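> Take a look and give me a structure for this.
(one chain, ligands or ions: 3)
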Amino acid sequence: MKSEGLDLLNNHFLNKGTAFTKEERKENKIEGLLPPFVQTLDQQVEQAYENYNAKETFLAKRMYLMDLFNENVTLFYKLFSEHVNEFMPVVYDPTIADTIENYSHFFLDPQNAAFLSIDEPEDIKAALQNAAKGRDIKLIVVTDGEGILGIGDWGVQGVDISVGKLMVYTAAAGVDPKSVLPVVLDVGTNRKELLADDLYMGNHHQRVTGDKYYNFVDKFVETAEDLFPNMYLHFEDFGRSNAANILNKYKDQILTFNDDIQGTGIITLAGILGALNISKEKLTDQVYMSFGAGTAGAGITKRIFDAMVEEGLSEEEAKKHFYLVDKQGLLFDDTEDLTPEQKPFTRQRSEFSNADELTNLEAVVKAVHPTILVGTSTQPGTFTEPIIKEMAAHTERPIIFPLSNPTKLAEAKAEDLLKWTNGKALIATGIPVEPVEYNGVTYHIGQANNALVYPGLGLGSMAVNAKLLSDGMINKAAHSLGGIVDPTQPGAAVLPPVSKLDEFSMTVAVGVAQQAIDEKLSNATDAKKAVADLKWEPKY
Ligand SMILES: NC(=O)c1ccc[n+]([C@@H]2O[C@H](COP(=O)([O-])OP(=O)(O)OC[C@H]3O[C@@H](n4cnc5c(N)ncnc54)[C@H](O)[C@@H]3O)[C@@H](O)[C@H]2O)c1
Ligand SMILES: O=C(O)C[C@H](O)C(=O)O
Ligand SMILES: [Mn+2]
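Ligands and ions are numbered 1, 2, ... in the order given. This next block holds a predicted model:
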């Protein structure tokens with residue numbers, strides 16, 4: 001049915017606001033509902049950007065942008081595309097963490113999401129249909145809110161991460177916003193403050209676990225697959241005890257992706273390859289230490305391990321290059337409470353004369369002399385000066401990636417890492433960081449955030465209707481980010497800049513699409529054309 005009159009103005013996918021021409025206004029029964037002057041999209045962008053700049057805080061800017069999105073999707077993305085670098089930290093991480101923590105109090109609009117409650121599993125189908133409103137959904141981002149960034153369990157309030165991740169898909173890779181659906185699975189929350197808050201908008205009970213939980217996830221996956229058969233299903237910020245289980249259950253059956261495990265693995269491998277391109281060292285010579293071996297930490301470890309095997313090491317040899325440190329300290333084969341993902345990378349006590357003392361990062365760094373240290377621990381400031389100096393004393397160009405998000409949880413600041421290592425550290429951070437001046441050199445800091453790859457990976461997979469997301473496609477994405485930064489420049493970043501996100505998302509998309517074709521996971525024939533055909537642009 002054709003939208004007209006106020007319905008048209010209230011349809012944010014179709015609304016052009018003051019850019020409706022005189023003819024369109026007549027034709028669609030909106031004459032007299034707008035100020036008479038017809039604006040161009042560029043004029044609307046100029047006006048919106050003026051308003052945006054008048055807001056003083058990131059939070060106020062974000063709220064303005066969400067209002068704009070709810071009003072006019074085309075204008076929102078046109079504005080976003082012109083200021084990607086500036087808007088990313090506002091629309092996405094770290095500001096998104098503030099809106100998640102305060103969601104029930106800030107609430108104005110459900111942002112087109114589907115809210116699926118474990119107490120009403122019979123409503124899943126209707127909820128997805130209501131939210132899709134007849135649209136052909138090709139991409140869902142779903143969360144259950146248990147492991148939001150590093151800030152933990154926020155129940156239904158985690159829905160904003162689904163909304164934000166989808167906005168990045170469109171801004172970075174041109175995924176058509178009409179084809180996407182944010183979803184939250186409300187299975188309860190264990191956060192006491194939320195349960196005690198009358199204004200909390202989710203189910204006021206503890207998280208449901210076990211079979212009931214997994215059956216609910218199953219029912220959601222089946223129903224979504226049924227309703228939207230060509231869909232790419234992106235899981236985000238599930239808790240440590242569920243994320244890998246869910247991925248392992250579905251990855252060989254449907255086109256699905258876990259961002260924290262796979263996306264983070266890809267971007268971290270890409271960052272390490274970028275760092276080695278600067279230091280001219282080999283991956284297979286590195287000693288890798290993961291600090292915080294949870295969903296992301298173990299996912300990254302597996303990806304780097306696979307890359308070492310691909311570069312010629314046997315699995316047995318490759319394993320010797322890895323050390324996992326978690327709450328218990330260095331993880332040994334007899335450590336209690338190991339997760340299934342940690343087990344393959346544990347060490348033996350007999351390797352060390354002081355194994356019993358290896359219960360904190362400092363002791364382990366002293367004993368092991370890592371060349372790469374990646375932080376996904378959620379513990380701020382844990383990459384301390386003595387630890388970093390110890391690491392730097394044994395390796396010429398230490399590769400140090402404090403990846404915990406949001407900003408307040410980062411293991412270290414780039415500026416400090418450069419100071420403590422005399423400018424030698426090769427750094428990437430999870431959140432965006434301004435360039436650092438040190439000893440007359442401007443150091444550009446790469447952002448190892450999965451947002452740099454998941455949009456291209458998704459677009460490429462969707463463009464060729466890939467049956468599955470294979471290791472080969474994931475690997476291709478990790479190797480697609482090289483060649484943009486000039487590694488010979490002093491202070492060069494280990495990853496390409498976010499300002500070129502739209503450009504390299506296309507490289508990732510085409511590479512991934514081609515890989516799917518080569519692996520016979522797709523019937524398409526022309527990867528480039530398929531990607532170009534699916535790409536949406538914000539214009540009237
Ligand atoms: N940059 C990125 O793209 C990216 C992607 C995913 C996750 N992350 C960040 O990584 C962090 C972890 O996310 P996750 O999804 O893996 O969470 P998680 O809960 O699965 O993992 C966190 C791990 O840290 C461990 N830990 C907690 N306290 C510790 C301590 N004192 N010492 C050592 N280890 C400790 C936990 O036991 C757990 O294994 C978050 O801050 C998240 O924002 C970043
Ligand atoms: O959301 C981000 O910024 C990256 C990542 O998925 C995370 O959980 O921290
Ligand atoms: Mn995440």
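> So which residues of the stretch 151-300 of the chain form helices?
Ranges of helices within the stretch 151-300 of the chain are 159-173, 192-195, 210-227, 243-250, 264-279, 295-310, based on DSSP state H, counting those that start in this stretch.
> JSON lines for those, including mean pLDDT, mean neighbour count and distance to ligand 1?
Backbone N, C-alpha and C define where each C-beta goes, glycine included. Formatted as JSON lines, these follow (pLDDT from 0 to 100; neighbours: other CB atoms under 10 Å; distance: least, CB to the nearest ligand atom, whole Å):
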{"stretch": "helix 159-173", "mean pLDDT": "98", "mean neighbour count": "26", "distance to ligand 1": "10"}
{"stretch": "helix 192-195", "mean pLDDT": "98", "mean neighbour count": "14", "distance to ligand 1": "18"}
{"stretch": "helix 210-227", "mean pLDDT": "98", "mean neighbour count": "16", "distance to ligand 1": "17"}
{"stretch": "helix 243-250", "mean pLDDT": "98", "mean neighbour count": "18", "distance to ligand 1": "7"}
{"stretch": "helix 264-279", "mean pLDDT": "97", "mean neighbour count": "25", "distance to ligand 1": "4"}
{"stretch": "helix 295-310", "mean pLDDT": "98", "mean neighbour count": "23", "distance to ligand 1": "3"}
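> Tell me how many other residues crowd the residue of the stretch 51-200 of the chain found nearest ligand 3.
Going by CB to the ion, ligand 3 is nearest to Leu149 of the stretch 51-200 of the chain, at 6.0 Å. When neighbours are counted by other CB atoms under 10 Å, Leu149 registers 23.
> next one: Ser470
18.
> I'd say it and Ile517 touch.
No: using CB atoms under 8 Å, Ser470 is not in contact with Ile517; the gap is 11.6 Å.
> who touches the residue of the chain at minimum distance from ligand 1 in this structure?
Closest residue of the chain to ligand 1, CB to the nearest ligand atom: Gly294 (1.8 Å). Gly294 is in contact with 147, 240, 326, 339, 376, counting by CB atoms under 8 Å, 6 or more residues apart in numbering.
> Now a PyMOL select for only the buried ones of the residues you listed.
Of the contacts of Gly294, the buried ones go into a single PyMOL selection, burial set by 16 or more other CB atoms under 10 Å:
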select buried, resi 147+240+326+376
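> what are the ranges of the strands in the protein?
Using DSSP state E, the strands of the chain run over 114-117, 139-143, 180-186, 232-235, 256-258, 288-291, 322-326, 329-330, 372-375, 399-402, 426-429, 436-438, 441-443, 446-447.
> any chance of the ones you listed in TSV, with distance to Leu247 and mean pLDDT too?
Below are the strands of the chain laid out as TSV (distance: least, CB to CB, whole Å; pLDDT from 0 to 100):
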stretch	distance to Leu247	mean pLDDT
strand 114-117	19	98
strand 139-143	12	99
strand 180-186	15	98
strand 232-235	7	98
strand 256-258	4	98
strand 288-291	18	98
strand 322-326	19	98
strand 329-330	26	98
strand 372-375	20	98
strand 399-402	22	98
strand 426-429	24	98
strand 436-438	36	97
strand 441-443	35	98
strand 446-447	24	97
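> Now render these as a markdown table, adding distance to Asp486.
Shown next, in a markdown table, are those (distance: least, CB to CB, whole Å):
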| stretch | distance to Asp486 |
| --- | --- |
| strand 114-117 | 45 |
| strand 139-143 | 34 |
| strand 180-186 | 35 |
| strand 232-235 | 33 |
| strand 256-258 | 31 |
| strand 288-291 | 26 |
| strand 322-326 | 31 |
| strand 329-330 | 38 |
| strand 372-375 | 22 |
| strand 399-402 | 19 |
| strand 426-429 | 15 |
| strand 436-438 | 18 |
| strand 441-443 | 14 |
| strand 446-447 | 13 |
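> now those strands as TSV including distance to ligand 2?
Converted to TSV, the strands of the chain look like this (distance: least, CB to the nearest ligand atom, whole Å):
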stretch	distance to ligand 2
strand 114-117	20
strand 139-143	10
strand 180-186	14
strand 232-235	11
strand 256-258	10
strand 288-291	15
strand 322-326	17
strand 329-330	24
strand 372-375	12
strand 399-402	12
strand 426-429	11
strand 436-438	21
strand 441-443	22
strand 446-447	9
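> re earlier: tell me the pLDDT of the residue of the chain closest to ligand 1.
If you check Gly294, the pLDDT there is 98.
> how many neighbours does Tyr200 have?
Tyr200 has 20 nearby residues by other CB under 10 Å.
> where does the stretch 51-200 of the chain come near ligand 2, residue by residue?
Contact residues, the stretch 51-200 of the chain versus ligand 2 (CB under 6 Å from any ligand atom): 93, 149.
> so which residue of the stretch 51-200 of the chain comes closest to ligand 2?
Asp93 (3.3 Å).
> just to revisit the earlier point, the residue of the chain closest to ligand 1 and Tyr250: what is the separation?
20 Å (CB to CB, to the nearest Å).
> Also Phe257?
Relative to Tyr250, Phe257 is positioned 10 Å away (criterion: CB to CB).
> residue contacts, the closest residue to ligand 3 within the stretch 401-540 of the chain?
Closest residue of the stretch 401-540 of the chain to ligand 3, CB to the ion: Asn450 (6.8 Å). With contact taken as CB under 8 Å, 6+ apart, Asn450 is in contact with 259-260, 263-264, 266-267.
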